[in-house]
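Engineer: With the sequence up front, the predicted model follows.
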Amino acid sequence: MQTLGAGTPRPRSGYMIALGLAAGPVVALGFTRFAYALLLPSMRSELDWSYAAAGGLNTANALGYIIGAGSAAWWSRRLGAGRSFVWGMIISAVALLASGVSGDFTALSVLRFVGGLATAVTFVVGSALASRVHTGGRQQRSAALVGVYMAGVGIGVVLSGVVVPVALTAWGASGWQAGWLLMGVLALLAVGPAAWAAKAVPPAAPATAGQGASGLRRLAPTFAWYVLFGAGYVSYMTFVIALLREQGRGTWSTAGFFIVLGAASALATLLVWGRVIGRLHGGRAPALVSAVVLVGVLPVLLSDGTAAAIASAVVFGAGFMAGPTSVTVLARRMLPQHAWTSGIAWLTVAFSVGQAVGPLVSGILSDSDGGIAKGLWLSVMLLAVSAAAALFQRERRPAAPAAPSAVSAAKPSRPTHVS
């Protein structure tokens, strides 16, 4: 592959690599995480679950996600970034396939947990790989490439919005099982382009003397924002389809909603957010993301009409994946390159904590008087608080590496292995 400068791919190659990496979030979030919302009404009906139980299944997924995010940097060092990324996808695909062969709550909880763990490794390591596609000085170009990677989530949502209703329509009561199986097959097919892209990413710069500290403490407001944002947005994503079904919409109507949401996410992440986030500094980008997502939740809570549902799908869809994009770009700006994977990993742990708590609390509220809408008002409150928390973030560049001393310059240092 022809390169420009120190391992930086040519512009067209960079976008192709980022697009190949985007197969990771197609599987990790589009299938494993968010498609559950489409399958939930059928699973809840056939398996006789309460909303709290349904939310608990997503909490199991989020707990796995926490462990996966926390261990992602370790796996990256142990196996290498590319292998960790690809094997996470393979394990996720197997978990999707296995979810289609059992109706046992405990077995499904374990599979959701395993899927969450594997997809977190894929998503975190893939985010770091996407950050390395372009390591030059143009922040806007790097943010745009990260946006291409994140657009995989919206693509996955669109694909699941097509596959799941076909399964539910064609297989009836067992359609939810067919839905998991079909997504598992698609996930296996996505491994090929992801593996090619991972191999094409320029290698990480090695850590040097004076680069031990990662500077994560300076991102404390962003950690707080990410917990609140994760809890707020995922409550909506888990239960909004159930709310629409409760309002009288059928399988294909709710699928259309999901497809619009996913298309809005992919297009906005590709065409808008990468450039916008590249121009905003400090916590202004995360705060803006929370505000947009909050506005996207409101229409379905204030009205049960078709126009409200479409407006919610477009606005929420356009904003929700800008959260991980803004965090990845901010980590790239404020942390030294050798700390990008671990920094993104720990931020994703914070995100996952919110995602673990949100659906469970929202599910409990949904089982009480007021129904699902009451649970979704929790999203509005959490997103409002998250926007305020983000504004406390200030941006500072990572400190330059310390110059080697005369003694250390005279002696060869032992290389530090990083992914």
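Structural biologist: Yep, it's here.

Engineer: where along the protein do the strands fall?
Structural biologist: 3-4, 8-9 (DSSP state E).

Engineer: For those, which has the smallest mean pLDDT value?
Structural biologist: Of all the strands of the chain, mean pLDDT reaches its minimum on strand 3-4 (a mean of 42).

Engineer: distance of the residue lying closest to Leu96 once chain neighbours are set aside from Arg33?
Structural biologist: Once flanking residues are discounted, Leu96 sits nearest to Gly184: 3.6 Å by C-beta to C-beta, 6 or more residues apart in numbering. For the C-beta atoms, the positions are set from N, CA and C on the backbone; glycine is no exception. Gly184 sits at a distance of 14 Å from Arg33 (criterion: C-beta to C-beta, to the nearest Å).

Engineer: Could you do Thr251 as well?
Structural biologist: For Thr251, the distance to Arg33 - C-beta to C-beta - is 20 Å.

Engineer: These two: which has the busier surroundings?
Structural biologist: Set Thr251 next to Arg33 and count neighbours by other C-beta atoms under 10 Å: Arg33 wins out with 29 against 19.

Engineer: so the more buried one sits right up against Thr119, yeah?
Structural biologist: Yes. Assessed by C-beta atoms under 8 Å, Arg33 is found in contact with Thr119 at 6.8 Å.

Engineer: report the longest helix in the protein, please.
Structural biologist: The helix that spans the most residues within the chain, counting by DSSP state H, is helix 139-171.

Engineer: Count the residues that sit near the residue lying closest to Trp273 once chain neighbours are set aside.
Structural biologist: Distances taken as C-beta to C-beta, 6+ apart place Ala322 nearest to Trp273, at 4.3 Å, with adjacent residues excluded. By other C-beta under 10 Å, 26 other residues sit near Ala322.

Engineer: Return the residues in contact with Ala322.
Structural biologist: Taking C-beta atoms under 8 Å, 6 or more residues apart in numbering, we find Ala322 in contact with 150, 268-269, 273, 277, 285, 289, 292.

Engineer: Now those residues in CSV, please, with extra columns for neighbour count, pLDDT and distance to Gly375.
Structural biologist: Putting the contacts of Ala322 into CSV (neighbours: other C-beta atoms under 10 Å; pLDDT from 0 to 100; distance: C-beta to C-beta, whole Å) gives the following:
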residue, neighbour count, pLDDT, distance to Gly375
Met150, 32, 86, 27
Ala268, 26, 92, 26
Thr269, 32, 86, 27
Trp273, 29, 86, 28
Ile277, 28, 87, 30
Ala285, 26, 93, 28
Val289, 30, 96, 22
Val292, 20, 97, 21
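
Engineer: May I have the predicted confidence score for the closest residue to Val227 other than its chain neighbours?
Structural biologist: The spatial neighbour of Val227 that comes closest, neighbours along the chain excluded (C-beta to C-beta, 6+ apart), is Gly354 at 4.3 Å. Gly354 is assigned 89 on the pLDDT scale.

Engineer: hang on, Gly354 packs against Ala224?
Structural biologist: No. Counting by C-beta under 8 Å, Gly354 does not reach Ala224; the two are 10.0 Å apart.

Engineer: These two: which is more packed in?
Structural biologist: More neighbours surround Gly354 than the other of Gly354 and Ala224, with 22 against 18 (other C-beta under 10 Å).
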